[in-house]
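S.K.: The following block contains a protein sequence and its predicted model.
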Amino acid sequence: MTSQIAALVQSFHSRFAPLLGVERFAGLGLGAPGAVDREKGILSYPPNLPGWKRYPLRERLLEILDSRYALRCSLEIDNDANAAAYGEAMFGAGKGYSDFMLVTLGTGVGGGIILARNLYRGPNGTAGEIGYLTIDYRGESVHAGIRGTVESLIGKQGIVSMGKETYRRHPRSCWNEEIHGEELRDLSPRTLEKAAHGGDAVAREVWDRVGSILGVGLAGVVSLMDIRTFIIGGGISAADDLVLVPAFRQLKQSTLPSTHEGLAVVQATLGNEAGVYGAAALCFSSLP
């Protein structure tokens, strides 16, 4: 994987350096899925990359770029959700907020925290991991060895499981096999979104539950950190109000009235490119 990243960097560099000039190549910004020690460039125990434990990503990537392509550059590495949060702060839905949390809904559930317009990473670089906030410690869903987390419940696979379970609790006449496939084999967040927009009550029930679980997770952040603005991004956030409306409703139900002023759950604007924008911005921010 590191070799593939290096090859991609070389491809872009060789394409654009003649146009921009080598001296204008500020360096490489990279968002990685897991706990990142930004100072040392080490990626630790990424849950969706089995077998990786503590991997010196910066060191290995710079070695490959130098030895194979004679390309020497600076490298800024951060958690992928942190990079996305910074991208939304600088260029997207977060431009008007001093403090907010970005929550990414996709294969997993990630988060990045912006305080006073700066990324808050925590002393060990793992702040904002809302996906590992436990919602149901006795639940059946398990991810990365932890039971009942936000990610295990409403990550992509959790939504698929929830969708199939919900349909099977209803008469077969309610199953939208035209969209979800025979025996629901093609059911996905995208087909659930399509079905819900088409008036499918079962699909809407699924999204209401997804949003409510998200709202409970956000409520924990409000109570702990007094963050009141939440920007929702990632591929699954394309469901828009199907998720955001029940999330906001549950957020208010799960927090004290004294924290309701200024509460907001809004859609991210940069889509899946938020991390690209943020990684680039982090790279430029390190310039002298």
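M.R.: Okay, I see it.
S.K.: Doesn't residue 244 lie inside a strand?
M.R.: No: the assignment for residue 244 is helix, going by DSSP: H, G, I helix; E, B strand; the rest coil, so no strand is present there.
S.K.: Can you get me a residue count around it?
M.R.: Using other CB atoms under 10 Å, residue 244 has 19 neighbouring residues. (Each C-beta comes from the backbone N, C-alpha and C, glycine too.)
S.K.: what's across from the residue nearest to it when sequence neighbours are not counted in the sheet?
M.R.: Nearest residue to residue 244, sequence neighbours excluded (CB to CB, 6 or more residues apart in numbering): residue 265, at 5.3 Å. Taking DSSP bridges as the rule, residue 265 bridges to residue 230.
S.K.: Please look at residue 265 and residue 227 and confirm they touch.
M.R.: No: the criterion here is CB atoms under 8 Å, and residue 265 misses it with residue 227 at 11.6 Å.
S.K.: So these two - more neighbours on which side?
M.R.: The neighbour comparison of residue 265 against residue 227 (other CB under 10 Å) goes to residue 265, with 24 against 21.
S.K.: check contacts around that one.
M.R.: Contact analysis of residue 265 by CB atoms under 8 Å, 6 or more residues apart in numbering lists 215, 218, 230, 232, 244, 247, 248, 251.
S.K.: Where does pLDDT dip in this protein?
M.R.: Across the chain, the ranges flagged by pLDDT under 70 are 22-24, 286-288.
S.K.: And the helices in it, which stretches?
M.R.: 2-20, 57-69, 80-91, 150-154, 156-168, 177-180, 189-197, 201-225, 241-253, 274-285 (DSSP state H).
S.K.: Looking at those, spot the one closest to residue 42.
M.R.: Each of the helices of the chain has some distance to residue 42 by CB to CB; the shortest is helix 57-69, at 6.8 Å.
S.K.: Columns distance to residue 129 on top of the helices of the chain, output as TSV?
M.R.: Below are the helices of the chain laid out as TSV (distance: least, CB to CB, whole Å):
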stretch	distance to residue 129
helix 2-20	23
helix 57-69	18
helix 80-91	8
helix 150-154	9
helix 156-168	16
helix 177-180	31
helix 189-197	21
helix 201-225	11
helix 241-253	18
helix 274-285	16
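S.K.: Which one of those lies nearest to residue 33?
M.R.: Closest of these to residue 33 is helix 80-91, at 5.1 Å (criterion: CB to CB).
S.K.: separation between residue 76 and residue 233?
M.R.: 20 Å (CB to CB, to the nearest Å).
S.K.: Which of the two has more residues huddled nearby?
M.R.: Each of residue 76 and residue 233 has its neighbours counted (other CB under 10 Å); residue 233 has more, 29 against 22.
S.K.: What residues does the residue nearest to the more buried one when sequence neighbours are not counted make contact with?
M.R.: Nearest residue to residue 233 in three dimensions, chain neighbours excluded: residue 268, at 3.2 Å (CB to CB, 6+ apart). Neighbouring residues of residue 268 by CB under 8 Å, 6+ apart: 84, 88, 92, 93, 102, 231, 232, 233, 234, 237, 274.
S.K.: Nearest to residue 166 among those residues?
M.R.: Residue 166 lies nearest to residue 237 out of the contacts of residue 268, by CB to CB, at 20.3 Å.
S.K.: Which residue lies closest in space to the closest one, excluding its sequence neighbours?
M.R.: Closest to residue 237 by CB to CB, 6+ apart is residue 105, at 5.1 Å.
S.K.: For that neighbour, which residues are in contact?
M.R.: Contacts of residue 105 (CB under 8 Å, 6+ apart): 154, 214, 232, 233, 234, 235, 236, 237, 243.
S.K.: what does residue 245 give?
M.R.: Residues in contact with residue 245 (CB under 8 Å, 6+ apart) are residue 211.
S.K.: mind running it again at 10 Å?
M.R.: With contact set as CB atoms under 10 Å, 6 or more residues apart in numbering, residue 245 has these partners: 207, 208, 211, 215, 265.
S.K.: Also residue 178?
M.R.: By CB under 10 Å, 6+ apart, the contact set of residue 178 is 191, 195, 198.
S.K.: do the same with residue 275
M.R.: By CB under 10 Å, 6+ apart, residue 275 lies in contact with 29-33, 78-88, 104, 110, 112, 233-234.
S.K.: count of neighbours near residue 64?
M.R.: By other CB under 10 Å, 19 other residues sit near residue 64.
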